[in-house]
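Visitor: Just a sequence and a predicted model for now, questions to come.
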Amino acid sequence: MPSTLEDRKRIYLSCRSILNNHSPKKRHSPKVRDSLLNNHASLGPLISELGEAKVVDLATKMTRAKIFKSETVARAQFPDLFPAPPGPASNAEMAGSAGDVTTLNTQVSGAENLAVDLAEVLAENDLAEETLAEDTAAEVTHSEDEEIEELTVNNALGEHSELPPELGVAVAAEHITQLYGISSLHPTYLPYSTQHRILTTAQTILGECCFDFATRWLLEVLEKKGWKCACAVELTRWESVVSTRRGQLPAEALQIPPGASIRRIFHATRDLRNTAVHRAPTTARSVSQFLEAAVKLAETLRDTHRASQLGELKVAVDGKLEAMEAMKKATEDRVTAQVVSIRRQKEELDRQEKALIDGMLKDDREHNALAGHLLDIG
């Protein structure tokens, strides 16, 4: 089925968080199709435009090639989705002539053509795809430490540069847009309705977890206070109920991690409850941290079922967060490159304008001097 590089890029960005954890047994078309249709709400525009068959076919081939699972394999396919932050060398190139820009575009085009060729080869040979992807993943794991070390060195060099931003200072990617006066797309927020639904769901699960714990180990407290169900108790009340009776509980009642305390574990979930109750918008990263604290509390209370539920919710949020941040980064990098090019053109036009005005004034002075000289000798 024919496809373009842009089609594969869109499928990668849209489906990465859905298919990045597929096991080898789930890399067949029916399994991939089921996963995509389960997320039809978020993939609706993509499926409507490209067609379900095409999306499933390309997503299956990309899954078998481990493009969703390995960032390094994806980087080879779509190099322009993973641009490096502009450093002294790259900014110097951008400050060059139009010929330099043409050369850069040619290099990018060549990289894209190479990625297209690779994708076509993988699409024509499914069995070879699987073997090649496994070998590639092994090589990626082997060289991971070297890549991290090189990236760390490059970042350190960029952080210590003393050049002014307009002359090509290397900075962290999240600060690039600020240097050029572009509104940042970070931090990442979920739609508020989604955030509220996630946090209220997590709060409900935690409330049931605490109530079931009290039913097993602190039944007299429930009877004394008249708490008949989980929704009768605010989540923050359980901190004092459990921590003040810690000595009455048998050793097997709790599973407290080394170096932690039951009060701190409960206290870490306060932000989750307060954010949900007070309807306070918060970042997607904070939502993930709230869910992590909820998982730890459920594990401490030895409620493996609800810990698993909360863990799955956190994995889903983290997957969408990763995909959203990847799309934001790609958008910011593209717009920043275009703004830099426009700024260079404006600077060149300003220089031409100044040269024209200076030339006009110089010619006028020379004409005046010549007229005076002719009158003097006349």
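Guide: Cool, got the structure.

Visitor: what's the distance between Glu322 and Ser240?
Guide: Computed with CB to CB, to the nearest Å, the distance linking Glu322 and Ser240 is 37 Å. Where you see a C-beta, it was placed from the backbone N, CA and C, and this is true even at glycine.

Visitor: which helix in this structure runs the most residues?
Guide: helix 304-377 (DSSP state H).

Visitor: Quick check: phi and psi at Lys228.
Guide: phi -100, psi -20 (degrees, to the nearest 10).

Visitor: what does His186 give?
Guide: phi -110, psi 160.

Visitor: returning to what we had before: okay, Glu322 and Ser240: which has more neighbours?
Guide: Glu322 (15 against 11; other CB atoms under 10 Å).

Visitor: what's around Ser48, how many residues?
Guide: When neighbours are counted by other CB under 10 Å, Ser48 comes out with 10.

Visitor: now do Arg245
Guide: When neighbours are counted by other CB under 10 Å, Arg245 comes out with 15.

Visitor: what sits against it?
Guide: For Arg245, the contacting residues are 218, 221, by CB atoms under 8 Å, 6 or more residues apart in numbering.

Visitor: how far away is it from Lys61?
Guide: Plainly put, Arg245 is 57 Å away from Lys61 if you go by CB to CB.

Visitor: Met327 - how many residues pack around it?
Guide: Met327, neighbours per other CB under 10 Å, totals 16.

Visitor: so the residue lying closest to it once chain neighbours are set aside is in which element?
Guide: Using CB to CB, 6 or more residues apart in numbering and skipping the chain neighbours, the partner closest in space to Met327 is Leu13 (5.4 Å). In this assignment (DSSP states H and E), Leu13 forms part of helix 5-19.

Visitor: Quick check: mean pLDDT of that helix?
Guide: For helix 5-19, the mean pLDDT works out to 84.

Visitor: buried set for stretch 212-232?
Guide: 213-214, 217-218, 222, 227, 230 (16 or more other CB atoms under 10 Å).

Visitor: Need the contact partners of that stretch.
Guide: Against stretch 212-232 from outside (CB under 8 Å, 6+ apart): 204, 207-208, 210-211, 233, 238, 241-242, 245, 248-250, 253, 301-303.

Visitor: so where's this protein uncertain?
Guide: 1, 22-27, 83-180 (pLDDT under 70).

Visitor: before we move on, the earlier item: from the buried residues of stretch 212-232, which ones fall inside strands?
Guide: Among the buried residues of stretch 212-232, DSSP state E puts none in strands.

Visitor: and of the residues you listed, the nearest to Asp350?
Guide: Ala230 (67.4 Å; CB to CB).

Visitor: Which residue is the nearest non-sequential neighbour of that closest one?
Guide: Using CB to CB, 6+ apart and skipping residues adjacent in sequence, the residue nearest Ala230 is Phe211, 3.7 Å away.

Visitor: Surely the one you found touches Leu235?
Guide: No. Counting by CB atoms under 8 Å, Phe211 does not reach Leu235; the two are 10.3 Å apart.

Visitor: Between these two, which is the more surrounded one?
Guide: Leu235 (24 against 19).

Visitor: thinking that one is in contact with Arg273, fair?
Guide: Yes. Under the criterion of CB under 8 Å, Leu235 makes contact with Arg273 at 4.5 Å.

Visitor: Noted, bye for now.
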